[in-house]
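1. no sequence on hand, only this structure:
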């Protein structure tokens, strides 16, 4: 063995903390970069040239570009994110309402058919009246 070997106990604890800090900062940086790029594409107020300009600026001068974007358009980023969350919540609520209403209609149709069947069994309505009422309930 001619080269030097660095063992784990040769790496100081402060070095581990420093490396962890820089790793965390890089992950945070990439998260912010992708968040900015996503916001650029999500913004309907920007035309195609403005979007291309921001993307080029962010990719050519990443640190300065992202910081300037956050300073200039940061408030709008927050509003767009809130608007997106509200739209998703409204879509979910609408889906739940439609699904719940469909279940209620089926239950009420079944109840109405059961009542209609009981009325027919008692002899209060004829077979023809029963069929017309049944068709009306089902359609």
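-> Received, thanks. Note that the coordinates shown come from a computational prediction; the quantities given were computed from them, not determined experimentally. Numbers count the residues shown, from 1 in each chain.

2. from residue 4, how far out is the closest residue to residue 127 other than its chain neighbours?
-> Spatially, and ignoring its direct neighbours in sequence, residue 127 is nearest to residue 120 (7.5 Å; C-beta to C-beta, 6 or more residues apart in numbering). C-beta here means a position set from N, CA and C on the backbone, and glycine is covered the same way. As judged by C-beta to C-beta, to the nearest Å, residue 120 and residue 4 stand 97 Å apart.

3. more neighbours, those two?
-> residue 120 (17 against 6; other C-beta atoms under 10 Å).

4. in which helix or strand would I find the more buried one?
-> Assigned by DSSP states H and E, residue 120 belongs to helix 62-122.

5. just the mean pLDDT for that helix, thanks.
-> The predicted model gives helix 62-122 an average pLDDT of 86.

6. how much space separates the spatially most central residue of the chain from residue 94?
-> The centroid of the chain falls nearest to residue 88 when counting by C-alpha atoms, centre = their mean (5.8 Å). Residue 88 sits 11 Å away from residue 94, going by C-beta to C-beta.

7. burial of residue 36, as a residue count?
-> 21.

8. in the helix or strand where it lies, what counts as buried?
-> Here residue 36 sits within helix 13-42, counting by DSSP H and E. If you call a residue buried by 16 or more other C-beta atoms under 10 Å, then helix 13-42 has these buried ones: 33, 36-37, 39-40.

9. that one: how far from the chain's middle?
-> Taking C-alpha atoms, centre = their mean, to the nearest Å, one finds helix 13-42 lying 22 Å from the centre of the chain it belongs to.

10. next one: stretch 52-67
-> Counting by C-alpha atoms, centre = their mean, stretch 52-67 is centred 26 Å from the centre of its parent chain.

11. so residue 119 sits against residue 129, correct?
-> No. Judged on C-beta atoms under 8 Å, residue 119 makes no contact with residue 129 at a distance of 9.1 Å.
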